[in-house]
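Undergrad: whatever this is, show me its structure:
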Amino acid sequence: MASLNDRSEFHTELSRRIVGWMKLRNLKMGEHVTEHALANELNVSRSPIRGALSILSDMGILERKAHRGCFVICDLRAIDLDEMTPKETKEERFYREIARDRFRGELPIDFTEVELRRRYNMGHATLKAVLRHLFNDSLILPNPGKGWRFHPTLNTEKSQDDSYRLRLTIEPAAVLEPTFDLDRDLARVVRARHEELLETGVENCSIVKVYNADADFHDLIGISSRNIYFESIIKMQNRLRRLLEYEFVDNYSRLGESCREHLYILEALETRQQFKAADLLRIHLTNSIGVKSRVG
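TA: Numbers count the residues shown, from 1 in each chain. So this is what the prediction gives:
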């Protein structure tokens, strides 16, 4: 079953790049855009282009027509690239609120569907969709009797340290997998996001933007391992961190260092120095254990 996070930051960033490309060429309403042209211009394969075009279609920027490609259906001059984010769905909002309330200790560990519906004023179909996604992301599990139970998550300092220690074992091993093959399309986007953060000054960027870039870097490790088990564990840890950490950062002392460390690791991966990358990754994650600004 697809996760709420299937519409990845990679595809969102790529959708921004596509709009930037169209704006530079002064495309007008009704003009034609093809996957093939975009793939060639942006040096990205057609599969992620397709995902980005789907986002732009949902946002009312492009219209997709069967066997004909996409057509511009808005005034591109009015679009601010910095404000381009897909609208949060109703299910995503409830998912986030439930996870955050549990992290804050405002929800008991055991709960029933009736209790959740009353608390959040959800319809039956919405509730089922949200529960399905919470279960798929390993945040809840069925109770033996009735109802549901929240799975232990990252809402204590010890559980966060435990998460980092798990990642300290998993992520360097993922880099050393025989099947590891760096996804260079995603790597280019990840590098550009990190370089932009450092150029702008991490302290001048929103914490959401910083954590999204961080999660994309670690997702890149899992995806490039070409091992579904490594990938799923890394993605799950990223989702748990993403839900929690936006609210608990009290300084930016670690953020810039972490960004630079990611670029050192990425450089080693781009030059096929897997053992060096694995060593740098171990140092990077060790540096983040016990640090309150938990980007790593």
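Undergrad: and the nearest residue in space to L38 that is not next to it in sequence, how many neighbours?
TA: Computed as C-beta to C-beta, 6 or more residues apart in numbering, the closest residue to L38 that is not its neighbour in sequence is I49, at 5.0 Å. Backbone N, C-alpha and C define where each C-beta goes, glycine included. Using other C-beta atoms under 10 Å, I49 has 25 other residues around it.
Undergrad: kindly state the pLDDT recorded for I49?
TA: For I49, the model assigns a pLDDT of 89.
Undergrad: any idea how far R119 is from it?
TA: Relative to R119, I49 is positioned 41 Å away (criterion: C-beta to C-beta, to the nearest Å).
Undergrad: also L240?
TA: Per C-beta to C-beta, L240 is found 22 Å from R119.
Undergrad: which one of those two is surrounded by more residues?
TA: Between L240 and R119, counted using other C-beta under 10 Å, the more crowded position is L240 (22 against 14).
Undergrad: may I have the secondary structure class of that one?
TA: helix (DSSP: H, G, I helix; E, B strand; the rest coil).
Undergrad: doesn't D162 make contact with it?
TA: No. Look at L240 against D162 with C-beta atoms under 8 Å: they stay out of range, at 11.2 Å.
Undergrad: which residues in the stretch 1-150 of the chain form helices?
TA: Listed in chain order, the helices of the stretch 1-150 of the chain (DSSP state H, counting those that start in this stretch) span 9-24, 35-42, 46-58, 90-103, 113-120, 124-136.
Undergrad: how about the ones you listed in CSV, adding distance to L176?
TA: Putting the helices of the stretch 1-150 of the chain into CSV (distance: least, C-beta to C-beta, whole Å) gives the following:
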stretch, distance to L176
helix 9-24, 23
helix 35-42, 31
helix 46-58, 26
helix 90-103, 32
helix 113-120, 42
helix 124-136, 28
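Undergrad: nearest to L255 among the ones you listed would be which one?
TA: Within the helices of the stretch 1-150 of the chain, the stretch nearest L255 is helix 9-24; the backing value is 16.7 Å (C-beta to C-beta).
Undergrad: give me the number of residues near P108?
TA: Neighbour tally, P108, other C-beta under 10 Å: 10.
Undergrad: please apply the same query to T286.
TA: T286: 13 neighbours (other C-beta under 10 Å).
Undergrad: one more: R118?
TA: What R118 shows, counting by other C-beta under 10 Å, is a neighbour count of 10.
Undergrad: return the distance of it relative to R50.
TA: Taken as C-beta to C-beta, the span from R118 to R50 is 41 Å.
Undergrad: now swap in I98 and tell me
TA: 31 Å.
Undergrad: one more: A268?
TA: Counting by C-beta to C-beta, the gap from A268 to R50 is 31 Å.
Undergrad: the more surrounded of these two?
TA: Neighbour count, other C-beta under 10 Å: between A268 and R50, A268 has more, with 19 against 14.
Undergrad: over to the closest residue in space to the more buried one that isn't next to it in sequence: give its phi and psi.
TA: The spatially closest residue to A268, leaving aside those adjacent along the chain, is A277, at 3.8 Å (C-beta to C-beta, 6+ apart). The phi/psi pair for A277 (degrees, to the nearest 10) reads phi -60, psi -40.
Undergrad: on that earlier part again, of all the helices of the stretch 1-150 of the chain, which one is nearest S232?
TA: For these, proximity to S232 was assessed by C-beta to C-beta; helix 124-136 is nearest, at 10.5 Å.
Undergrad: and that closest one, what's buried?
TA: 126-127, 129-134 (16 or more other C-beta atoms under 10 Å).
Undergrad: could those residues go into CSV alongside distance to R93 and pLDDT?
TA: Output for the buried residues of helix 124-136, formatted as CSV (distance: C-beta to C-beta, whole Å; pLDDT from 0 to 100):
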residue, distance to R93, pLDDT
T126, 10, 92
L127, 13, 93
A129, 12, 89
V130, 9, 91
L131, 15, 92
R132, 16, 88
H133, 12, 81
L134, 13, 85
